[in-house]
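Colleague: Just to be clear, the model below is a prediction. Sequence and coordinates:
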Number of protein chains: 2
Amino acid sequence: MALTDIERVARNEDGIAAVLGILRQRYGNRFQTGADIRRQHAHTTTYIPNQAPDGVLFAESADDVQETVRICADHRVPVIPFGTGSSLEGHTNAPGGGISIDLSRMNRILAVNAEDLDCTVEAGVTRTELNEYLRDTGLFFPIDPGANASIGGMASTRASGTNAVRYGTMRENVLALTAVMADGRLITTAKRAKKSSAGYDLTRLLVGSEGTLGVITSVTLKLYGIPQAISGGVCPFPTLDAACRATIATIQMGVPVARIELINALGMQSINAYSRLDYPVSPCLFVEFHGSESGVREQAETFGEIVAEYGGGPFTWTTVAEDRNRLWKARHDAYWAGMALRPGAQNLTTDVCVPISRLADCIAETEADIAEMKLVAPIVGHVGDGNFHVMLLIDPKQPDEQRRAEEFVSRLNMRAIAMDGTCTGEHGVGQGKMSYLRHELGPAVDYMVAIKRALDPLDIMNPGKVVPGVR
Amino acid sequence: MALTDIERVARNEDGIAAVLGILRQRYGNRFQTGADIRRQHAHTTTYIPNQAPDGVLFAESADDVQETVRICADHRVPVIPFGTGSSLEGHTNAPGGGISIDLSRMNRILAVNAEDLDCTVEAGVTRTELNEYLRDTGLFFPIDPGANASIGGMASTRASGTNAVRYGTMRENVLALTAVMADGRLITTAKRAKKSSAGYDLTRLLVGSEGTLGVITSVTLKLYGIPQAISGGVCPFPTLDAACRATIATIQMGVPVARIELINALGMQSINAYSRLDYPVSPCLFVEFHGSESGVREQAETFGEIVAEYGGGPFTWTTVAEDRNRLWKARHDAYWAGMALRPGAQNLTTDVCVPISRLADCIAETEADIAEMKLVAPIVGHVGDGNFHVMLLIDPKQPDEQRRAEEFVSRLNMRAIAMDGTCTGEHGVGQGKMSYLRHELGPAVDYMVAIKRALDPLDIMNPGKVVPGVR
């Protein structure tokens, strides 16, 4: 991604200076302006350039968020919410400067309603903190995007990940949330009823709005009973196509797989090297099944029969927790393993999602493109949802390689859209996918802009992301 | 409901006269202005007064809808979409007059993508038409609000019904839709990818917007494999409380029940009389389980053990389709059976939803209220979701009874809200629940109004519903 492709946001120097003074005065040490802290609060995970905010406010309550938003609104200064900084499309960047609101100190579990299978947490709670807290209740929160992201950040980007094929995404699992809107008011979008037809779905509007309509301060989530039994395993395939077709068959047969993850040969090579494992260096599916003891055995056996029809196997699986944990640790380390494939490389991780019937074709064309364009790029995917990621490892000293990588991403996004899919299955739009949104949704984007204008008329909420500027 | 409680919408007589002339000229017989047809296209199902539109356009394509909306926009005349007219909160009424767009002729199945478990249908297709069409594919569409509603209407009101406890509501089952917006443009809100984080969730914003933001013209839906086996049955309980507590235990134990419906003693009495059955006249749960042959047996047996702990039983169940169909026919006829309890009565059907832990208390207080206020009102509910309906049968000649019924509904809605629930689980806001929306969601309603203003600045899209007028 070239800096020139990023939506420009004009800096309001006078406003910023005024806000810096007010926040320093008001919050003392809780407001930081050191260069390192500012840089850490902008984008750090991929090739998208770091654009630091002018200051970072460590919020401890919704009141802090409200007050900071009001001060910024008074001076027309951008507000950029920050969870853990693990997003991949530039969501935390400050292209026009402004104030990063770090929500990590808002990490209280506010309520666990075990009888209702729900809980309410502050936005800064991370998913592993939540699951550790829940351990004794027999419940868990399934959404797992890989990174130990904050629940607020996951809601903001409509995150999903490995378990979504069974449990849905943040779209399906947020019951309600509270958010500070651009005028500084705090709203609650819904009550805790499992379903409601009470007015416009502000919950779903804020989920995935990436901080551009409001700052999420707490989230009410659905929880699930920890399965009685879990089985999981790894299955190699002779070709990527065979692995994709086995995935399609598994979904279409209605096997309620909890996770079904594809890693291509290059990805497997990187995992073996990084985690000192000896998996076959060929495309593999990592799978997991949740249910009763007999249920998970039945699912694993059915899956074994399906993969055999596509030439896959041997499918080795286990119900032993340590073995499963090692397997999923390796899968979750795929990001770092990929980075280690080419030390010093810059990482451009991109994500698309297509109807599952098109998955094998989309991945095949994508792998051919990688080869043809002489790029180094492992593929991993939540293939049960038709969603996959390409991790481009780019030598920053080779401008031609950068150019090819940009061309590759453009072709990948347009390919997914042409297959009736989306340019982003779970990473969000941020800065990186803005130019593709209109290709995908055409005039619908105008109504997104109208909503942005209506709810954030001063364009201070994470400007330069998702939809074009409205100032 | 008193007419005075309904949001007033000023009539634009000049505009209406102009539009009537244009539509007559343009559409001939497809545009109707007879009194009977107009009355049939306004609210007819409950106590809410009928407010007829000035004319009815029978649309045959999205083009017709676009053109009609544009003509109405030019003259600032309301547009009210109409599916089958089975909604319960006044959604199809025309409080300021205007044009009803009847979508029933837009009843083509546009695509069934069996491999992707989805389909796209025009808005006027009804749910039974869709399921009949799908029969040979081995797939089905589970959402079942009772009435044979249109898919567009179900999307507009965020409908759900008996199967939602397992398959979710229209919120979870609409992948994408097309809609004609207030400026006459047609948008597609999403592609067919199973998940997406591409911008604001316009799909979920339009689902449940009740025609106030746009007219839905087609819907892409998730489909499911027809279960290998289905078991179902009826279980009586000594008290309503016992039935509620058995429901709560079933959900909390994670039994993946497909339907779990409560009918109170008065409701059972009405069903027996109407359908010539001899069920016990005590609170009953109607349940259904979907899965493999062994799975549905296991679920039914587990349920039998749970209900016994709460004094329920005998639980008689069957896998025979005819027996199940008779059972669900009786459940679906509960509306008509209730009406037959008190011939000549007006019907005020209302709907709330609470967190399941509060269900037993909410229903107990509600039944006590019915008795105390000397009302005739069977209770039926999709209790697995914490959702139930009260069907008030009111003698129209007794103003005092009407007053008590209104007071009862107010208390019921406020009770549900106080229990962290919603004033409408599935019927929508329409005209009937507008005054409760702010009690439930407070300042969040202001942002709904802002969205309405932004997307429908002339307030022509089904005005007088959901949010206060913006003209």
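Modeller: Perfect, thanks for sending it.

Colleague: show me where the stretch 151-300 of chain A has helices.
Modeller: A:151-156, A:164-167, A:170-173, A:202-206, A:240-252, A:265-275, A:293-309 (DSSP state H, counting those that start in this stretch).

Colleague: Identify the residues contacting the fifth one?
Modeller: It stands for helix A:240-252. A:165, A:235, A:237, A:257, A:260, A:262, A:264-265, A:283-285, A:303, A:306-307, A:309-312, A:356-357, A:359-360, A:363-364, A:367, A:379, A:383-384, B:115, B:117 (C-beta atoms under 8 Å, 6 or more residues apart in numbering or on different chains). Placement of C-beta: from N, CA and C, glycine included.

Colleague: ok, of these, which come out buried?
Modeller: A:165, A:235, A:237, A:257, A:260, A:262, A:264-265, A:283-285, A:303, A:306-307, A:310, A:312, A:356-357, A:359-360, A:363, A:367, A:379, A:383-384, B:117 (16 or more other C-beta atoms under 10 Å in any protein chain shown).

Colleague: Which ones among those residues lie within strands?
Modeller: Here DSSP state E is the test, and these give A:Cys235, A:Ile260, A:Leu262, A:Cys284, A:Leu285, A:Ile379 as lying in strands.

Colleague: possible to save those residues as JSON lines with pLDDT?
Modeller: Converted to JSON lines, these look like this (pLDDT from 0 to 100):
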{"residue": "A:Cys235", "pLDDT": "97"}
{"residue": "A:Ile260", "pLDDT": "96"}
{"residue": "A:Leu262", "pLDDT": "96"}
{"residue": "A:Cys284", "pLDDT": "97"}
{"residue": "A:Leu285", "pLDDT": "97"}
{"residue": "A:Ile379", "pLDDT": "95"}
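
Colleague: And the residues you listed, which is closest to A:Met391?
Modeller: Relative to A:Met391, the closest of those is A:Ile379; by C-beta to C-beta it sits at 7.7 Å.

Colleague: Could you pull up the contacting residues of the closest one?
Modeller: A:240, A:262-264, A:266-267, A:363, A:366-367, A:370, A:388-391.

Colleague: How about it: what's its closest non-neighbour residue?
Modeller: Using C-beta to C-beta, 6 or more residues apart in numbering or on different chains and skipping residues adjacent in sequence, the residue nearest A:Ile379 is A:Asn264, 4.2 Å away.

Colleague: So the one you found is in contact with A:Val383, correct?
Modeller: No: using C-beta atoms under 8 Å, A:Asn264 is not in contact with A:Val383, being 10.8 Å away.

Colleague: What is the burial count for A:Gln402?
Modeller: 19 (other C-beta atoms under 10 Å in any protein chain shown).

Colleague: Okay, it and A:Asp395: tell me how far apart.
Modeller: 8 Å (C-beta to C-beta, to the nearest Å).

Colleague: again with A:Ala405
Modeller: With C-beta to C-beta as the criterion, A:Ala405 and A:Asp395 are 10 Å apart.

Colleague: Of these two, which one has the most company?
Modeller: A:Ala405 (25 against 15).

Colleague: A:Leu206 and A:Thr188: what is the separation?
Modeller: Remark: distance between A:Leu206 and A:Thr188 (C-beta to C-beta) = 11 Å.

Colleague: And A:Tyr133, by the same measure?
Modeller: 22 Å.

Colleague: Show me which helix runs longest in chain A.
Modeller: Ranked by residue count, the top helix of chain A under DSSP state H comes out as helix A:399-418.

Colleague: For the next helix or strand after that one, name the packing helices and strands.
Modeller: Next helix or strand after helix A:399-418 toward the C-terminus (DSSP states H and E): helix A:434-441. Using 3 or more C-beta pairs under 8 Å, 6 or more residues apart in numbering or on different chains; DSSP states H and E, the elements in contact with helix A:434-441 are helix A:399-418.

Colleague: by contact count, what packs against the helix it packs on?
Modeller: Under the contact rule (3+ C-beta pairs under 8 Å, 6+ apart), helix A:399-418 is packed against strand A:346-353, helix A:359-372, strand A:387-394, helix A:434-441.

Colleague: Dump the ones you listed into JSON lines; add mean pLDDT and distance to B:Ile248 as well.
Modeller: Shown next, in JSON lines, are those (pLDDT from 0 to 100; distance: least, C-beta to C-beta, whole Å):
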{"stretch": "strand A:346-353", "mean pLDDT": "93", "distance to B:Ile248": "37"}
{"stretch": "helix A:359-372", "mean pLDDT": "96", "distance to B:Ile248": "40"}
{"stretch": "strand A:387-394", "mean pLDDT": "96", "distance to B:Ile248": "35"}
{"stretch": "helix A:434-441", "mean pLDDT": "95", "distance to B:Ile248": "42"}
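
Colleague: Distance to A:Asn93 for the ones you listed - can I get that in a markdown table?
Modeller: Formatted as a markdown table, the helices and strands packed on helix A:399-418 follow (distance: least, C-beta to C-beta, whole Å):
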| stretch | distance to A:Asn93 |
| --- | --- |
| strand A:346-353 | 15 |
| helix A:359-372 | 27 |
| strand A:387-394 | 19 |
| helix A:434-441 | 12 |
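
Colleague: quick one, domains of chain A?
Modeller: Following automatic domain parsing, chain A resolves into domains at A:3-104, A:109-225, A:229-334, A:336-433.

Colleague: Go through these and pick out the most buried.
Modeller: Most buried of the domains of chain A, by mean neighbour count (mean count of other C-beta atoms under 10 Å in any protein chain shown): domain A:109-225, with a mean of 23.

Colleague: what's the span of it from first residue to last?
Modeller: 18 Å (C-alpha to C-alpha, to the nearest Å).

Colleague: likewise stretch A:452-465?
Modeller: 11 Å.

Colleague: how about that stretch, does it reach chain B?
Modeller: Yes: Stretch A:452-465 reaches chain B (C-beta under 8 Å from any C-beta of the partner chain) through A:Lys452, A:Arg453, A:Ala454, A:Leu455.

Colleague: I'd like the average pLDDT over that stretch.
Modeller: In this model, stretch A:452-465 carries a mean pLDDT of 97.

Colleague: What are the buried residues along that stretch?
Modeller: In stretch A:452-465, counting by 16+ other C-beta under 10 Å, buried: A:Lys452, A:Ala454, A:Leu455, A:Asp456, A:Leu458, A:Asp459, A:Ile460, A:Met461, A:Asn462, A:Pro463, A:Gly464, A:Lys465.
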